[in-house]
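Asks: let's see this in three dimensions:
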Amino acid sequence: MKLFLYPLVAAGLLLAACNGQESGKQPASSTNAGDTGKVAVMTFEKQVHDFGNVTQGEVVEYSFKFTNTGNKDLLIQKAEASCGCTVPEWPKEPIKPGESSYMKVKFDSKGRPEGYTEKELFIQANTNPPLVTGPRIQCVIVAKK
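Replies: Numbering: from 1, shown residues only. Model (predicted):
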């Protein structure tokens, strides 16, 4: 019985020690003393764009309009899509509170199977939380005639 309890207690202590190390870290979205209470907020005008029917091999694009509805400059560090066939382009300069900009999304249907598809954007910015689930694109891929 003791042989069974020793590894169990050791594992519990190890987990407790690992969790204790996290408490001294600052959150990734911490602010400077002068920025207390200020936060950037990314608000998209449209959450979904439907391209309709897209012929296999066709490249389509759409620009999603967004506004910084927060009270701090918005700075986008990175944007990715749920698939490599979808490539977002975003502004590299800060977006001031109240200003708008665009995130262009290109979808390449080459090699994609026929049928309905939907791709989602994931954006890393100086928002709280720092990872924003962005808008989506959707379409129906049809075979070339």
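
Asks: where does pLDDT dip in this protein?
Replies: Applying pLDDT under 70 to the chain flags the ranges 1-36.

Asks: show me the strands in it, by range?
Replies: Ranges of strands within the chain are 42-44, 48-55, 59-68, 76-81, 86-89, 100-108, 115-125, 131-142, based on DSSP state E.

Asks: quick one: strands adjacent to the first one?
Replies: Read it as strand 42-44. Sheet pairing of strand 42-44 (DSSP bridges) gives strand 59-68 (antiparallel).

Asks: which residues sit against the strand it pairs with?
Replies: 40-46, 49, 51, 54, 74, 95-110, 121, 134-135, 137, 139 (Cβ atoms under 8 Å, 6 or more residues apart in numbering). C-beta here means a position set from N, CA and C on the backbone, and glycine is covered the same way.

Asks: identify the residue nearest the residue nearest in space to the middle of the chain in space, chain neighbours excluded?
Replies: Central residue of the chain (Cα atoms, centre = their mean): residue 122, 1.7 Å from the mean position. Counting by Cβ to Cβ, 6 or more residues apart in numbering, residue 122 lies nearest to residue 80, which is 5.2 Å off, once chain neighbours are set aside.
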